[in-house]
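> using only what follows, build the 3D model:
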Amino acid sequence: MILPTKFVLVALDIMSERGRARGRGRSRPVVPGEPSSEPSGAAGITAPTSETPTESVTTSSAPTPTVPSASDTPTSEWSTTETAPTVQQSAIRRIGGGGTMSIPRGRGLDKLAPHMAGMSIGEHREGRSRGPPIHDDSQRRSVDPTRVNFREPGSEKQGTSGELIPLIANYVRILSAPQWLLYQYHVTFIPDSIDSRKTRRELLAQHKGVLQDVAFDGQTLYSFNDLGDDYETKSFHEAIGQDITMQLHKVAVQGPESPNFFHLSNLIMRKLLELAGMRMIGRSYYQFDKKVDIDRFSLTLFPGFETAINVYEGVLMMNVDLSHKVINNVSIYQRLQNIFAQFQEYKLAQDTAMRELVGQIVITTYNHKTYKVDDIAWDKTPQITFAKRDGTEMSLIDYYQERYQLQIVDHTQPLLVSKPSRQNRRAGITGPILLIPEFCRETGISDSMRNDFNLMKELASHTHIEPTPRYQSLMDMVNTINTAPRCRQYMSKWNLRLDDNLVELEARTLEPETINYSDRSVRYKQQEADWSRDGRSCRHLKPGHLDKWLVVYEGKQKPIANELINTLYNVCTPMGMRVEYPEIAELQNDRPETYLKALEQYCLNQQYNLVLCVLSNNRKDRYDALKKFLCMDTAVPSQMVLLKTLNKRGQLMSVATKIGIQISAKLGGEIWSVPIPSKSLMVIGIDSYHDKKRKQVSVAAFVATTNPQCTSYYSRIVMQTTTQELVDGISVCIRDALKAFFMQNNAMPERIVIYRDGVGDGQLQAVYEHELPQIEETFNKVQEGYAPKWAMIIVKKRGCSRFFAKNSHQLYNPPPGTIIDHTITHQNWFDFYLISQCARQGTAAPTHFNVIWDRTTFKVDHIQRLTFKLCHLYYNWPGTIRVPMVCQYAHKLSYLVGQSLHQDFNHDLSNKLFYL
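All right, here's what the predicted structure looks like:
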């Protein structure tokens, strides 16, 4: 890679009590030896959330500092009986999105609300609709969406069915009776070269006598003093020996009812956590004095908290949860050394290093900032020079020695390349950031670490916290903030106080579902939500058949392969599957080209129901090559089985049973069902995955049901680089899925429910403005006059909400089927939380559902119950999962394409779950 001559060096920034910047650590051109150019703020990275009901681990770390004591507990000045005030409607919205939204019963974002107001959708249909019509483009530009209240009067958002259960939520009410006015100023620094938030705060602090009781985030200043519309003053910059002019321009006058109070509240909370002795990395705060060293795996784990303040059902509350940061104590330089020691060929070692390190997050040891590795500059070394501001040249070797007193040992090591973050680009930084591998540590959990069972078990023992200790940790944090002298003093100037207890509420638990097989029905235990034992010998509703199939294995694997074939026959026959003896392809070795040659010889001349390959290991290049050939060239469902899985002592029968169920589903079989009251319903799941090989391309997977029982499926993908490509692709997918539904049922579905996963908060506007109108137009294009009643529901798995059920003795995880649709939901959304799984370790993680569009005329109970039912129909697991099955199927499909295929699959496989 040929890098631009302009690059960025990373400056030292020790975290201070003044607060930290949000987002990734900022980097920009630095004048060596100039402290004022130090950026502020370091960020962590959240590891991918698994589909298990336990919480995830976030990653990153920093060295342990001296932590201020927070043990002093003076008498509280506030009464514990004080109640939380109701916040005015005008305080419900939040600048920049992410806050509560003014939308009728679950209809999306308030800032998007006016886009729905003008355009009618088909002809008027009977029944109460939920959600406004859509604006045309001219109206869309003329309305301020942040000021529109679009709530339909009388629309319901709470269900009534189910058994009541008392819960505790990880939310804390913020008690306040403020009587102040807050003046908001935009601060301009002249000269404008002072980018460091830390330095800006220090310059501002020179005027504490005038700018009293200030909250400052680097650009926006909140002060209790009215300084007039414009105010100018000077501060002395000691590092450069120069006066800096500060110009303050009044932007607004804020009160506690102001929408900007959200932003201010989060700044206040950050400060309180710092005063309580914690340090911020990214958006969360960590207790460095409670770090855990896992020496066996050279890891360090930091416990901490993440918080967010918002208005929930008219009450200002703070959501608080535990967070963990992980850092690998082995330097990236040592990682490179280990990789190159494994290979004699230099190019192969480079490719391996690129594959393992690019995309990972690293933290620098000298300023504790995190960066994403986007490339490795093999042609750059620390010996390169850069121009200082005075025009002289300096090498990176001399710079780190002078600036940080760090000596670079290997002067020939390559450099890591990190593209500038959004904050960097806003500051005018466009060149790459170059990092020294010796001074970088990897954060997070890599794929190789995830495959290490013992390592993950060790991490889980520290991060998967049971309900009672989690609750106690949250209460300790709240008590520390309420009682520490410095925290109390800081809150008193804002007239704020946290409630002494977490929020308590009543939820509802839905009844367990009946699982229907061909020969009998199964009822599972509610606390377990697992019917694997009862269902293993049941006949499938519509079994897949192995009439003609091929088994491929290496010659020395013949005994275990034959045992697998015989066991599959024994377990699949009771399921209703026909299992004929397969054709055998016995190979001389396990090289990828040997497997491919055998598949070409057998599959190109005849059609098989399935190809089963026994693999000696999980070598990715071989797996990818086989999947590409079978999914794209020949359109044959395939099953890959690892040898180590078959060699588990005494478990072959259990393994073969799971493989048999999976094969039946891949062949288009229908394994089990649950009662679906609506007789003409299509359910669609959409999820996306970023293709790591084609960096600018994302894979959106689309999975739709094609029968009223929601047990047969039609699958497609959309390779997208722009929002328009996604919208156009989804329209084609819906059209083809409707045709598949019609071919199977001789009728079109009357109702369609779309579950949209893989949508970040910043993408909601694109979904609302682009996808919804396009989907509406698609229906009429498929068949003139066709106007189904449909809904779109945004699915969010990665939330910080946690709930604890309680009895007279202890706290425990709520049972599967628990619905929470009030108190901690958004006042102007139709949203709810669903706990659908049994958490066998740690605390259950609920899934958040936000109905942004609804014309189905379903009652609230119906939508909630339907969502829970659909969590039972994932054929890869005889139990409930966190999301409706179409979302999980879409996730599996997008992952296969993004990881292995990198292209569209053969559409002859669209009616089969070949990606399980």
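
> CA atoms for contacts and neighbours, from now on please.
OK.

> list the contacts of stretch 405-416.
With C-alpha atoms under 8 Å, 6 or more residues apart in numbering as the contact definition, stretch 405-416 has outside contacts at 333, 373-383, 397, 400-401, 434-438.

> please redo it, this time with the cut-off set to 7 Å
Taking contacts as C-alpha atoms under 7 Å, 6 or more residues apart in numbering, the residues outside stretch 405-416 that touch it are 373, 375-383, 397, 400-401, 434-437.

> go on, stretch 677-687?
Residues from elsewhere that reach stretch 677-687 (C-alpha under 7 Å, 6+ apart): 700-706, 708, 749-758, 886-887, 890-891.

> try 6 Å this time
Contacts to stretch 677-687, defined as C-alpha atoms under 6 Å, 6 or more residues apart in numbering, come from residues 700-705, 708, 749-758, 886-887, 890-891.

> just stretch 587-606 next, same as before
The contact list for stretch 587-606, computed with C-alpha under 6 Å, 6+ apart, reads 554, 555, 622.

> show me the shaky parts of the stretch 701-850 of the chain.
For the stretch 701-850 of the chain, residues meeting the criterion pLDDT under 70 lie at 722-725, 761-762.

> how about the strands in it?
Assigned by DSSP state E, counting those that start in this stretch, the strands in the stretch 701-850 of the chain fall at 713-720, 751-756, 789-796, 803-806, 811-812, 818-820, 831-835, 847-854.

> number of nearby residues for residue 626?
Residues lying near residue 626 (other C-alpha atoms under 10 Å) number 22.

> my read is it is in a strand, agree?
No: read with DSSP: H, G, I helix; E, B strand; the rest coil, residue 626 is helix and lies in no strand.

> how far away is it from residue 236?
Going from residue 626 to residue 236 by C-alpha to C-alpha, to the nearest Å gives 67 Å.

> the contacts of stretch 405-416 in strands, which ones?
375, 376, 377, 434, 435 (DSSP state E).

> show me where the stretch 301-450 of the chain has helices.
Shown for the stretch 301-450 of the chain, the helices assigned by DSSP state H, counting those that start in this stretch span residues 332-342, 346-357, 396-404, 422-426, 447-450.

> show me the domain layout of this structure.
Domains of the chain are assigned by the TED database as 181-256, 328-451, 543-667, 681-905.

> state the pLDDT value of residue 270.
Residue 270 carries a pLDDT value of 88.

> tell me which residue is most central in this protein.
residue 798 (4.7 Å; C-alpha atoms, centre = their mean).

> ramachandran angles for it?
In terms of degrees, to the nearest 10, the main-chain angles of residue 798 are phi -90, psi 70.

> using TSV, lay out the helices of the stretch 301-450 of the chain together with mean neighbour count, distance to residue 156 and mean pLDDT.
Output for these, formatted as TSV (neighbours: other C-alpha atoms under 10 Å; distance: least, C-alpha to C-alpha, whole Å; pLDDT from 0 to 100):
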stretch	mean neighbour count	distance to residue 156	mean pLDDT
helix 332-342	16	55	93
helix 346-357	15	50	90
helix 396-404	17	61	89
helix 422-426	14	40	69
helix 447-450	10	44	78
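
> which one, of those, ends up nearest to residue 494?
Nearest to residue 494, of all the helices of the stretch 301-450 of the chain, is helix 422-426, at 29.5 Å by C-alpha to C-alpha.

> what residues are up against the residue nearest to the centre of the chain?
Contacts of residue 798 (C-alpha under 6 Å, 6+ apart): none.

> how many residues are close by residue 613?
So residue 613, with other C-alpha under 10 Å, has 22 neighbours.

> surely it touches residue 552?
Yes: if you go by C-alpha atoms under 6 Å, residue 613 and residue 552 touch, sitting 4.7 Å apart.

> quick one, longest strand in this structure?
Per DSSP E, the chain has its longest strand at strand 315-331.

> now do stretch 284-304: distance to the chain's middle.
Centroid separation between stretch 284-304 and its chain, computed with C-alpha atoms, centre = their mean, to the nearest Å, is 22 Å.

> stretch 757-769 now?
That offset, for stretch 757-769, works out to 13 Å (C-alpha atoms, centre = their mean).

> also stretch 295-310?
Computed by C-alpha atoms, centre = their mean, the separation of stretch 295-310 from the middle of its chain amounts to 17 Å.

> repeat for stretch 328-345
That offset, for stretch 328-345, works out to 30 Å (C-alpha atoms, centre = their mean).

> one more: stretch 522-533?
29 Å.

> could you check the pLDDT of the closest residue to residue 502 other than its chain neighbours?
Excluding the flanking residues, the one nearest residue 502 by C-alpha to C-alpha, 6 or more residues apart in numbering is residue 172, at 5.0 Å. Listed pLDDT for residue 172 reads 96.

> ok, now the one 5 residues further on?
Residue 177 carries a pLDDT value of 59.

> with just CA atoms, put stretch 710-730 into PDB.
Below are the C-alpha coordinates for stretch 710-730, written out as PDB (Å, rounded to 0.1, in the frame of the first residue of the first chain):
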ATOM      1  CA  CYS A 710     -44.700 -20.200   8.800                       C
ATOM      2  CA  THR A 711     -42.700 -23.400   8.300                       C
ATOM      3  CA  SER A 712     -41.400 -23.100   4.700                       C
ATOM      4  CA  TYR A 713     -39.200 -20.300   3.400                       C
ATOM      5  CA  TYR A 714     -37.900 -18.300   0.500                       C
ATOM      6  CA  SER A 715     -34.500 -16.700   0.800                       C
ATOM      7  CA  ARG A 716     -32.500 -14.200  -1.200                       C
ATOM      8  CA  ILE A 717     -29.600 -11.700  -0.700                       C
ATOM      9  CA  VAL A 718     -28.900  -8.200  -1.800                       C
ATOM     10  CA  MET A 719     -25.200  -7.100  -2.300                       C
ATOM     11  CA  GLN A 720     -25.300  -3.400  -1.600                       C
ATOM     12  CA  THR A 721     -22.900  -0.500  -1.600                       C
ATOM     13  CA  THR A 722     -25.500   2.300  -1.300                       C
ATOM     14  CA  THR A 723     -28.900   2.700   0.400                       C
ATOM     15  CA  GLN A 724     -30.700   2.800  -3.000                       C
ATOM     16  CA  GLU A 725     -29.200  -0.600  -4.000                       C
ATOM     17  CA  LEU A 726     -30.600  -2.000  -0.700                       C
ATOM     18  CA  VAL A 727     -34.000  -0.500  -1.300                       C
ATOM     19  CA  ASP A 728     -34.200  -1.700  -4.900                       C
ATOM     20  CA  GLY A 729     -33.000  -5.200  -3.900                       C
ATOM     21  CA  ILE A 730     -35.500  -5.600  -1.100                       C
END
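
> who's in contact with that stretch?
The contact list for stretch 710-730 (C-alpha under 6 Å, 6+ apart) reads 670, 697-706, 771, 910-911.

> for the residues you listed, name the two members farthest from one another.
670 and 697 (33.1 Å).

> of those two, who's got more company?
residue 670 (24 against 18).

> tally of neighbours for the closest residue to residue 365 other than its chain neighbours?
Distances taken as C-alpha to C-alpha, 6+ apart place residue 439 nearest to residue 365, at 5.5 Å, with adjacent residues excluded. Residues near residue 439, counting by other C-alpha under 10 Å, number 17.
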